[in-house]
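1. pasting the sequence and the predicted coordinates here, then a few questions.
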Amino acid sequence: MSLLPETVRRVDGLVAEAQVTGRVPALVMGVVRDGALVHLSVAGDHPRPDVDLQFRLGSISKTMTAVLVMQERDAGRLALDDPLDRHLPGTPFGTRTLRQLLGHASGLQREPDGQWWERAEGVDLAALLAGLTAGKAPYPPHRGYHYSNLAYGLLGGVLERLTGTGWYDLLRERILEPLGMRRTTYQATEPFARGYVVHPWHDTLREEPRTDTGAMAPAGQLWSTAADLATWAAFLADPAPEVLAAASLTEMCAPVVISDLDSWRSGHGLGLELHRQGDRVYVGHGGSMPGYVAALAVHRPSRTGVVGFANSYGFRTGGIGQLGLEVLTTVLDAEPTRATPWRPAAAPPPAEVAELAGRWWWMGHPTDVTWDGGAGHLVTYGRGGRTLRFAPEGADRWRGCSGSEDGEVLTVLRDGSGRAVALDVATFVLTRTPDEEP
């Protein structure tokens, strides 16, 4: 499904303006919808970008590291509340948990000591661990949000120790190959855009080094293309179950910490940045490495996202992350997703389910129960327009799978003749008439 011509014009205009005002050699921004890259907007010609041109991902690499951790959790080989010491024994802050490290709530300092790791050749895991001191955790855990690249270097170490496989080999085997992301690589692979710092006074370019960051690679090493990053955006909107269960990705999108306590417009989940724009919440991550910036933002309910790259270390005005959010909001405002067409049911529900349909009451308030045969769910419509879903779990037992009743149990209560007389939803009992005692 392509974008409307007017939407394309507006997106292209935003990208062109950002390239000019930001003094960016090359800028690319793609729009993803329903699992496909539906539009690519490019500006600049140093070099002229396309869907297959590599740029550096920077910290978007962290989102993939986080998915690897969640895979290990789902397989039962770790728990998110495990202390770091359980998997990397001997560090001076071993009581900090994996959840805290993933969500930037561990209190660890932002960078490892020594040279600026993004611009210098990296060390191996043993050397990274040997350099750790208690001073590298300047804040107590859960004091608040404190972004830490070091935390992701350590999470990569946890994965290596747990699986016996290096981080990138694990990533390639578990994520890149299953999703077909063949142009996402550890080192730059032609064709790729050289990365620059733009001189502030005379607009000349200084090419930046392309380093191997060693043990810090899980925090920002990867290179990718607009096509491959669009695949990753589609995964974050609707994950492939062979890579990660949908429920686990949803868990990653829940806030671990709010990073903007004044307005609650940004926070961090398990490896994902969260941004609130009006009534919408976008998930994704920004990225930067010397000579490069990148953007990834996804609106999961509409399966719409944006991906972007530029080959300069920052913009003179604004930034690629803010541009990405603006492009995504522009697309969603101009082209909201269409409602799924209603279709008549193919057959009536089973008798034991049909008996539950209709109006029920709790404390004088009505709740209507219907049947969604396609999903196999009971659907309730209650106070304040709340719509809740329940999936079958056994005879007269249903499990909540949405909203405030997610995970709670609905039990059908029957009288001596076997007739359904009440619905017990986590101790709140609904009856057939408003006059009955719950």
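-> Yep, it's here. Please read these numbers as outputs of a predicted model, since none were measured by experiment. Numbers count the residues shown, from 1 in each chain.

2. what segments of the stretch 151-300 of the chain are helices?
-> Here the stretch 151-300 of the chain has its helices, by DSSP state H, counting those that start in this stretch, at 167-171, 177-179, 226-237, 246-252.

3. try the stretch 301-438 of the chain
-> 320-334, 351-354.

4. if we go by neighbour counts, what in the longest one is buried?
-> This means helix 320-334. 320, 321, 323, 324, 325, 326, 327, 328, 329, 330, 331, 332 (16 or more other Cβ atoms under 10 Å). Using the backbone N, CA and C atoms, a C-beta is placed for each residue, glycine as well.

5. and the second one, what pLDDT?
-> Residue 321 carries a pLDDT score of 95 in this model.

6. what sits against it?
-> Shown in contact with residue 321 (Cβ atoms under 8 Å, 6 or more residues apart in numbering): 286, 293, 295, 297.

7. repeat that for 6 Å
-> Residues counted as contacts of residue 321 (Cβ atoms under 6 Å, 6 or more residues apart in numbering) are 286, 295.

8. ok, the fourth one next?
-> For residue 324, the contacting residues are 295, 297, 306, 308, by Cβ under 6 Å, 6+ apart.

9. what about residue 305, how many neighbours?
-> Neighbourhood size, residue 305 [other Cβ atoms under 10 Å]: 29.

10. residues near residue 280, how many?
-> 17.

11. show residues contacting the helix or strand of the chain with the lowest mean pLDDT.
-> When the helices and strands of the chain are scored by mean pLDDT, DSSP states H and E, helix 125-130 comes last with a mean of 90. Helix 125-130 has contacts (Cβ under 6 Å, 6+ apart) with 153, 157, 215.

12. between the two ends of stretch 391-407, what distance do you get?
-> Terminal residues of stretch 391-407 lie 10 Å apart, using Cα to Cα, to the nearest Å.

13. list the buried residues of it.
-> Buried-residue list, stretch 391-407, by 16+ other Cβ under 10 Å: 396, 398, 399, 400, 401, 405.

14. closest to residue 390 among those residues?
-> Nearest to residue 390 among the buried residues of stretch 391-407 is residue 398, at 3.8 Å by Cβ to Cβ.

15. and the closest one, how far from residue 1?
-> Separation of residue 398 from residue 1 (Cβ to Cβ, to the nearest Å): 35 Å.

16. now do residue 355
-> According to Cβ to Cβ, residue 355 stands 41 Å off from residue 1.

17. show me what residue 307 is bridged to.
-> Note on residue 307: beta-bridge partners by DSSP bridges are residue 30, residue 296.

18. ok, it - contacts?
-> 30, 226, 229, 230, 233, 296.

19. distance to residue 189, pLDDT and neighbour count added to those, as a markdown table?
-> Listed next are the contacts of residue 307 as a markdown table, based on distance: Cβ to Cβ, whole Å; pLDDT from 0 to 100; neighbours: other Cβ atoms under 10 Å:
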| residue | distance to residue 189 | pLDDT | neighbour count |
| --- | --- | --- | --- |
| 30 | 19 | 98 | 25 |
| 226 | 15 | 98 | 26 |
| 229 | 15 | 98 | 31 |
| 230 | 18 | 98 | 26 |
| 233 | 21 | 98 | 26 |
| 296 | 20 | 98 | 30 |
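
20. just give the closest residue to residue 189, not the sequence neighbours.
-> Ranked by Cβ to Cβ, 6 or more residues apart in numbering and with sequence neighbours excluded, the top spatial neighbour of residue 189 is residue 54, at 6.2 Å.

21. could I get the pLDDT score of that neighbour?
-> So, for residue 54, pLDDT stands at 98.

22. that one against residue 227, yeah?
-> No: in this structure, residue 54 is not within contact of residue 227 by Cβ atoms under 6 Å, at 10.4 Å.

23. out of the two, which sits in the more crowded spot?
-> Neighbours per residue (other Cβ under 10 Å) separate residue 54 from residue 227, with residue 54 holding more: 24 against 20.

24. please report phi then psi for that one.
-> Main-chain dihedrals, residue 54, degrees, to the nearest 10: phi -80, psi 140.

25. what sits against it?
-> By Cβ under 6 Å, 6+ apart, residue 54 lies in contact with 188, 192, 223, 225.

26. can you tell me how far the second one is from residue 184?
-> In this structure, residue 192 lies at 12 Å from residue 184, with Cβ to Cβ as the measure.

27. leaving out chain neighbours, which residue sits closest to residue 225?
-> Residue 225 sits nearest to residue 183 (Cβ to Cβ, 6+ apart), 4.6 Å away.
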